[in-house]
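Asks: Using only what follows, build the 3D model:
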Amino acid sequence: MRTMSWSSHCLLLCFLVALGSSTPSAAAAGTATEPDNPEQAYAAVDSFLRDQLETLGIPGAAIAVVRDGRQVHSGAFGDAAPSGRPMTPQTPVLLASTSKSLTAIAVMQQVEAGRLRLDEPVRAYLPWFTLDDPRSPDITVRHLLHQTSGMSSRDTAFEGSLAQEPEALEEAVRALAGSPLAGEPGQRFHYASANYNILGLLVQTVANQPFGEYLKQHVLGPLGMVHSHTTAAAAREDNAAEGYYRWFSSFWVETDVPAPAAGMPSSTLYASAEDLGRLLTALLNGGRYGDVRILQPGSVAEMFEPRTSVDEAKGYGMGWFTRPLVESVDPAAPAPAAGELPLLLEHQGEWGNSHTYLAVVPASGLGVALVINGNDTAAPSRLKAIDTNILRILHGHSPIPAVVIEDWLQQSSWAVSLALLLAELLSLWLSLSVLFRRRFARLGRWALPAWTAVALALDALALWLYLIYAPARFDTGLLVIIRQFPDVGVTLVPVLGLAILWPVPRTVLLVIEALRHASRGVP
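Replies: Residues are numbered from 1 along each chain as shown. Predicted coordinates for the structure are as follows:
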């Protein structure tokens, strides 16, 4: 039977709202609401996801919903691989930054065991730990958990690494010795995945067990997360979803991007939507899943408490962003007073070829886990809008259109890189024409010096844009841009090659040619 489209659901919801507008409601008063018929809401979520797959071309998605201490809904849509293998609620997907919530659990387990103390310096457990800053000895375990260590993503980037060796985690943390601090430890929020990689190494050190093995034994295993994995190899053996990248902002292609072992605690764990539902169930139950307890209630409360501000509305706990649940109220209703909305804890995971989302609302016992085996890095806000619209639907409201918030450079980075490559190739052709065909011989004595200056300016623009501006703008390293944004990297590599290797010999040859013209009396 043909399912109702998302647009039909929207019209139906709007009609129901109109019918009920004559009577007072919680939504009209600006307070949080929940759907009268949860099953209808779950069906609307599924219909919305199907519509998004069709509209955006997303390869596949899976979702799990938790309420009142149990998983009440799951669904999967689209394909997990180019072969047409279907996505299922049990299909593992690369988590990206939602890996951090699992690492925070492992850290709090060690705090409960007395092996770690939140306000102890990292050096108390890793005496060799240092960064290229005299303030690095002040970094504590709590600073890492709350993203207030002072490290920046650009100076500690690891996402371009190809390393898969078990020792890669410690090697990556040791390599931070050459990285500067961007701020005073403990002073302000500055997101950097390296914080959680260090935390993973701390767990590995005090537990005297490889971090991946620890996680399987003490978190994944007790929760029955049998389709969750700590390495790409193990995930592939379990039919993990292939990752897709949206090339040139136009078409989705199965694309491998690095998933280094060094990023296991922060970014490169794998899990299915169903398994993530088990995780959320445990957290919403104060650390207990069935007869198993992975954390004490006080530790879960500590994880959820925002100890640092991200901006006026957002805070950050331990692996969780926090904010008011604005999706629980009707956008057309008067804005509620500050503090009236429930607290939402959430985290998104963004990788070159995957998008994931976790959300919990402790006040209502709601949890949502969404995994998508693709990402549009030019405009990830399109996928982020799916996350928030699912929350709206689950609270009885209609989804709203996505608003692309990325700036022109991010949206068009592949086009900028392609334009620079064409310009560099044109520059190369003109330079060779001057040198071998005397194309500038009749243009006067200033033609060669002018062309030399223009060519050097083009090289300088390319080098400034990709070695200075882009890494600073996107808070990441050049190698990460090349490997995590393949449609940019495929043209960026030859651009940089020409801009770095060709200017000196070209300039020397053009100067020699100009001197020859001058010696021949060319006017």
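Asks: give me the low-pLDDT residue ranges for the stretch 201-350 of the chain?
Replies: Within the stretch 201-350 of the chain, the ranges that satisfy pLDDT under 70 run 338.
Asks: Tell me which stretches of it form helices.
Replies: Remark: helices assigned in the stretch 201-350 of the chain by DSSP state H, counting those that start in this stretch are 211-215, 232-237, 273-284, 297-304.
Asks: Return the backbone torsion pair for Y466.
Replies: Dihedral pair for Y466: phi -100, psi -20, per degrees, to the nearest 10.
Asks: Tell me how far it lies from L496.
Replies: 6 Å (C-beta to C-beta, to the nearest Å). For glycine as for every other residue, the C-beta is placed from the backbone atoms N, C-alpha and C.
Asks: do T476 as well
Replies: On the measure of C-beta to C-beta, T476 and L496 end up 16 Å apart.
Asks: Quick check, pLDDT for L479.
Replies: L479 is assigned a predicted lDDT (pLDDT) of 92.
Asks: Oh, that last question was meant for V17, not what I typed.
Replies: pLDDT at V17 comes out at 37.
Asks: Also S433?
Replies: On pLDDT, S433 comes in at 81.
Asks: That one and Q296, how far apart?
Replies: 74 Å.
Asks: Among those two, which residue is more densely surrounded?
Replies: Between S433 and Q296, Q296 has the larger neighbour count (other C-beta atoms under 10 Å), namely 16 against 12.
Asks: if we can go back for a sec, mind checking which of the helices of the stretch 201-350 of the chain is nearest S427?
Replies: helix 232-237 (40.5 Å; C-beta to C-beta).
Asks: The residue nearest in space to the middle of the chain bridge partners, please.
Replies: What sits nearest the mean C-alpha location of the chain, by C-alpha atoms, centre = their mean, is E350, with 2.1 Å. Note on E350: beta-bridge partners H355, judged by DSSP bridges.
Asks: now it: how far from L295?
Replies: 27 Å.
Asks: Could you do A514 as well?
Replies: 73 Å.
Asks: neighbour count winner among those two?
Replies: L295 (23 against 20).
Asks: List the residues that contact the more buried one.
Replies: For L295, the contacting residues are 105, 108-109, 112, 282, 286-287, 303, by C-beta atoms under 8 Å, 6 or more residues apart in numbering.
Asks: Likewise for R70?
Replies: Contacts of R70 (C-beta under 8 Å, 6+ apart): T281.
Asks: Restrict stretch 235-245 to CA atoms and write it as CSV.
Replies: The C-alpha trace of stretch 235-245 is given here as CSV (Å, rounded to 0.1, in the frame of the first residue of the first chain):
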residue,chain,number,x,y,z
ALA,A,235,32.5,-2.8,11.2
ARG,A,236,33.0,-4.0,7.6
GLU,A,237,32.8,-7.6,8.7
ASP,A,238,29.4,-6.7,10.2
ASN,A,239,28.1,-5.3,6.9
ALA,A,240,28.6,-1.7,7.9
ALA,A,241,27.0,0.9,5.6
GLU,A,242,29.2,2.4,2.9
GLY,A,243,29.7,6.1,3.3
TYR,A,244,28.6,8.5,0.6
TYR,A,245,29.8,12.0,-0.3
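Asks: Now do the buried residues in that stretch.
Replies: 235, 240-245 (16 or more other C-beta atoms under 10 Å).
Asks: circling back to that earlier point, could you dump the helices of the stretch 201-350 of the chain to TSV with distance to D376?
Replies: Listed next are the helices of the stretch 201-350 of the chain as TSV, based on distance: least, C-beta to C-beta, whole Å:
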stretch	distance to D376
helix 211-215	30
helix 232-237	22
helix 273-284	20
helix 297-304	30
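Asks: Ranking these by mean neighbour count, which comes first?
Replies: Mean neighbours per residue, mean count of other C-beta atoms under 10 Å, is largest over the helices of the stretch 201-350 of the chain for helix 273-284, with a mean of 26.
Asks: So which elements touch it?
Replies: Judged by 3 or more C-beta pairs under 8 Å, 6 or more residues apart in numbering; DSSP states H and E, helix 273-284 is in contact with strand 60-67, strand 70-78, helix 99-112, strand 288-289, helix 297-304, strand 354-361, strand 366-372.
Asks: go with 7 Å
Replies: strand 60-67, strand 70-78, strand 288-289, strand 354-361, strand 366-372 (3 or more C-beta pairs under 7 Å, 6 or more residues apart in numbering; DSSP states H and E).
Asks: now the third one, how far from the centre of its chain.
Replies: Once both centres are worked out by C-alpha atoms, centre = their mean, to the nearest Å, strand 288-289 turns out to sit 28 Å from its chain's centre.
Asks: Can you list the strands that that strand pairs with?
Replies: strand 292-293 (antiparallel).
Asks: Touching the partner strand from outside, list them.
Replies: 222, 287 (C-beta atoms under 7 Å, 6 or more residues apart in numbering).
Asks: same thing with stretch 251-259?
Replies: With C-beta under 7 Å, 6+ apart as the test, stretch 251-259 has contacts from 57, 59, 82, 94, 159-162, 232, 242-247, 268, 351-353, 374, 483-484, 486.
Asks: Need the three-state assignment for G497.
Replies: Following DSSP: H, G, I helix; E, B strand; the rest coil, we place G497 in the helix state.
Asks: Can you tell me how far it is from L467?
Replies: 13 Å.
Asks: which of these two has more neighbours?
Replies: L467 (14 against 11).
Asks: which non-adjacent residue is nearest A81?
Replies: What sits nearest to A81 in space, not counting adjacent residues and going by C-beta to C-beta, 6 or more residues apart in numbering, is E242, at 4.5 Å.
Asks: same deal with V72?
Replies: V72 sits nearest to V65 (C-beta to C-beta, 6+ apart), 5.7 Å away.
Asks: Quick check: pLDDT value at that neighbour.
Replies: Reading off the model, V65 has pLDDT 98.
Asks: quick one: contacts for it?
Replies: Neighbours of V65 in contact, by C-beta under 7 Å, 6+ apart: 42, 72-73, 368.
Asks: Let's see if you can find the most crowded of those residues.
Replies: V368 (26 neighbours).
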